[in-house]
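S.K.: Build me a model from this:
(one chain, ligands or ions: 1)
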Amino acid sequence: MAIITCPVCKKQGMTAAINPEGADKSVVYCKICGDFEISGTADLVLSTKPANPRLSYSLRKRFENGATNRINSTNIEEIINSVKFPETIPEKVNEIISFLYKNQSSGGYAISDKEIYIFGINDDELELVMKYAEGKGLLTIAPKFASGGGLFSLEANGIDLAEELLKRNIVGSQAFVAMWFDESMENAFSQGIEPALKETGYKVIRIDKKEFIGDINEEIQKEIKQSKILIADYTGNRGGVYYEAGFAKALNKPVVSCCKEDILKELHFDVKHLNQIVWTSPEDLKNKLIKRINGCGLNID
Ligand SMILES: [Zn+2]
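M.R.: Prediction:
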């Protein structure tokens, strides 16, 4: 193990395995970004640049969601875009409050150098964001440390907000359903997929059932990002289902594939080899889906 400066967030004193088994890459264990693999070329490119808070935030979120992060010279934007970044000050405050709630001890929590990237905050924003949170009565700030960090302590309002955010956090329990929106599929959904997901603890989202304003593709991507798993039913062979399943796969989300038995042979080559749930009736689909979700440990407890 070597001691390095993280090429992404520039935190010093992190550990890394450099060129394991002679490969031109490193595996970095960063306290801010989480664990990630980086190719030699990407490492060289990032090493000449200042800290990248957005990439650091995305790596961390993906790492916390169980994804394996592999950075190469062409996928940095893709990694950044796969995670919703907190853009507004209240959104950043929500991140801090949730973090403090989980991590602070009775004396508060001292946010260390670079740790603000975990909340999607840039170096020049910290003071503004913290003053906003303090102004709202969510936390108190102890006199500033010389390092530019600070000691923060949640107030009663902050604890209430943290509790509310925990309840609102749907990322852990939402399932996205990608399927053919045709009348012939209505029973497969209402008597098969929907009750199976509810029984395994999921909140079900199907994009035609949700009202939204704006671009439907953006909405689909946003909802898939917020989902824990995606159920793809290929019956009807719709292009949208392949697209949504591929998008979820790229985000390292589990995809459970299903198809009605009598049309299995019509499926595209790419998905035929998947371990599909092959169903004959809505009831059959429901039972097999519950079994698969529980069997793969994907059920919500
Ligand atoms: Zn880092």
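S.K.: separation between A2 and I290?
M.R.: Separation of A2 from I290 (CB to CB, to the nearest Å): 47 Å. Backbone N, C-alpha and C define where each C-beta goes, glycine included.
S.K.: more crowded one of those two?
M.R.: Taking neighbours as other CB atoms under 10 Å, A2 and I290 compare with I290 leading, 16 against 11.
S.K.: Looks to me like the more buried one is in a helix.
M.R.: Yes - read with DSSP: H, G, I helix; E, B strand; the rest coil, I290 is one of the residues of a helix.
S.K.: Please determine how far the residue nearest to it when sequence neighbours are not counted is located from the ion.
M.R.: Nearest residue to I290 in three dimensions, chain neighbours excluded: A196, at 4.8 Å (CB to CB, 6 or more residues apart in numbering). According to CB to the ion, to the nearest Å, A196 stands 40 Å off from the ion.
S.K.: For the helix or strand containing A196, output the C-alpha coordinates as CSV.
M.R.: Assigning secondary structure by DSSP states H and E places A196 in helix 194-199. Extracted in CSV, the C-alpha atoms of helix 194-199 (Å, rounded to 0.1, in the frame of the first residue of the first chain):
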residue,chain,number,x,y,z
GLU,A,194,-47.4,-4.2,-8.5
PRO,A,195,-48.5,-6.6,-5.7
ALA,A,196,-45.2,-8.5,-5.8
LEU,A,197,-43.3,-5.2,-5.3
LYS,A,198,-45.6,-4.0,-2.5
GLU,A,199,-45.2,-7.4,-0.7
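S.K.: Figure out how far the helix or strand that that helix is followed by is from the centre of its chain.
M.R.: Of the helices and strands lying after helix 194-199 in sequence (DSSP H and E), the nearest is strand 203-205. For strand 203-205, the separation from the chain centroid amounts to 16 Å (computed by CA atoms, centre = their mean, to the nearest Å).
S.K.: what's downstream of the helix or strand bottoming out on mean pLDDT in the chain, the next helix or strand?
M.R.: When the helices and strands of the chain are compared on mean pLDDT, DSSP states H and E, helix 269-272 comes out lowest with a mean of 66. Helices and strands here follow DSSP H and E; after helix 269-272, the next one along the chain is strand 277-279.
S.K.: which neighbours does that following strand have in its sheet, and in what orientation?
M.R.: Applying DSSP bridges, strand 277-279 is found paired with strand 255-260 (parallel).
S.K.: Where does pLDDT dip in the chain?
M.R.: 65-66, 143-150, 167-172, 209-214, 269-273, 301 (pLDDT under 70).
S.K.: Which residue, other than its chain neighbours, is closest to the residue of the stretch 201-301 of the chain found nearest the ion?
M.R.: Closest contact between the stretch 201-301 of the chain and the ion, by CB to the ion, is at N252 (19.2 Å). Leaving aside its chain neighbours, N252 sits nearest to A67 (3.9 Å; criterion: CB to CB, 6+ apart).
S.K.: go on, L59?
M.R.: Closest to L59 by CB to CB, 6+ apart is C33, at 4.2 Å.
S.K.: Isn't the one you found up against T5?
M.R.: No - the criterion here is CB atoms under 8 Å, and C33 misses it with T5 at 12.0 Å.
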